[in-house]
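Undergrad: quick one: sequence plus predicted model below, questions after.
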Amino acid sequence: RSLCLNALFIGIQVEVMAQRAAPEPLVEFQVISLVFTAVFLVELLLRLAAFRLRFFTMTGWQWHWFDLTVVIFSLADEITNQLFAGSEVSGIVEKLGVLRLLRLGRAFRLVRMVRLIPALKSMVYLISASMNSFFWTSVLLLILMYVVSVYFTELATDLKHNGGADNLDDWSSIGASVMTLFQAISGR
């Protein structure tokens, strides 16, 4: 339940910030975020106390490490917000994007829901297992785009030299041809 509430809360917080065009959330949202972080920290500490070192090696250990990482990022975000709020350091850290990265850790709490729903968990494993095939399909697509780009660039160059067409900028080089084909494939 806390994961679903947190997901809903993050969505509402982002929507309110977007509507207000505010770079920082309201104080109410900061308090609620702190409460969620505390709840997840207590949950993690209770699991660590119950399972001790087995927590890191037992069935589902990958999710345990993931939970630990997400909670650490959330804690770092909350501590950074409290320590550096309104200071010059806050501006510097914000410009470096560190806080944005830490806030991204909060959003990754949503991924924890995957392990709670067996069908969703199965889908994630199937998608990750198909990544090898996806990679090689992408390589094949790039090779085909390159071959067609070479042909179209050569054809456009011949047309240009023979005075058959003037506006062939999209096919004027291999790079331009690949980009044109990519835009055609992606619908741009």
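TA: On my side now, so go ahead. Numbering: from 1, shown residues only.

Undergrad: where does this structure dip in pLDDT?
TA: Low-confidence segments of the chain (pLDDT under 70): 1, 23, 90-109, 112.

Undergrad: packing partners of the lengthiest helix in the chain?
TA: When the chain is scanned for its longest helix (criterion: DSSP state H), the result is helix 131-161. On a contact count with 3 or more CB pairs under 8 Å, 6 or more residues apart in numbering; DSSP states H and E, helix 131-161 meets helix 174-186. Backbone N, C-alpha and C define where each C-beta goes, glycine included.

Undergrad: CA atoms only for the helix it packs on, dumped as CSV, please.
TA: Written as CSV, here are the backbone C-alpha positions of helix 174-186 (Å, rounded to 0.1, in the frame of the first residue of the first chain):
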residue,chain,number,x,y,z
ILE,A,174,26.0,9.2,-45.8
GLY,A,175,25.2,10.9,-42.5
ALA,A,176,22.4,13.0,-43.9
SER,A,177,21.0,9.9,-45.6
VAL,A,178,21.1,7.8,-42.5
MET,A,179,19.3,10.6,-40.6
THR,A,180,16.7,10.9,-43.3
LEU,A,181,16.0,7.2,-43.2
PHE,A,182,15.9,7.2,-39.4
GLN,A,183,13.3,10.1,-39.6
ALA,A,184,11.3,8.1,-42.1
ILE,A,185,11.3,5.0,-40.0
SER,A,186,10.4,6.8,-36.8
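
Undergrad: okay, angle between that helix and helix 131-161 too, please.
TA: 120 degrees (axes from the mean of the first three to the mean of the last three CA atoms, to 10 degrees).

Undergrad: list the buried residues for helix 174-186?
TA: Buried residues in helix 174-186, counted by 16 or more other CB atoms under 10 Å: 176-178, 180-181.

Undergrad: what of stretch 147-155?
TA: Judged by neighbour count (16+ other CB under 10 Å), stretch 147-155 contains these buried residues: 149, 152-153.

Undergrad: output it in CSV with nothing but the alpha carbons.
TA: The C-alpha coordinates for stretch 147-155 follow below in CSV (Å, rounded to 0.1, in the frame of the first residue of the first chain):
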residue,chain,number,x,y,z
VAL,A,147,23.5,0.1,-47.1
VAL,A,148,20.4,2.0,-48.3
SER,A,149,22.0,5.3,-47.4
VAL,A,150,25.1,4.4,-49.5
TYR,A,151,22.8,3.6,-52.5
PHE,A,152,20.6,6.7,-52.1
THR,A,153,23.6,9.0,-51.6
GLU,A,154,25.2,7.6,-54.7
LEU,A,155,22.0,8.0,-56.6
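
Undergrad: tell me how far it lies from the chain's centre.
TA: Averaged C-alpha coordinates place stretch 147-155 at 35 Å from its chain's average position (CA atoms, centre = their mean, to the nearest Å).
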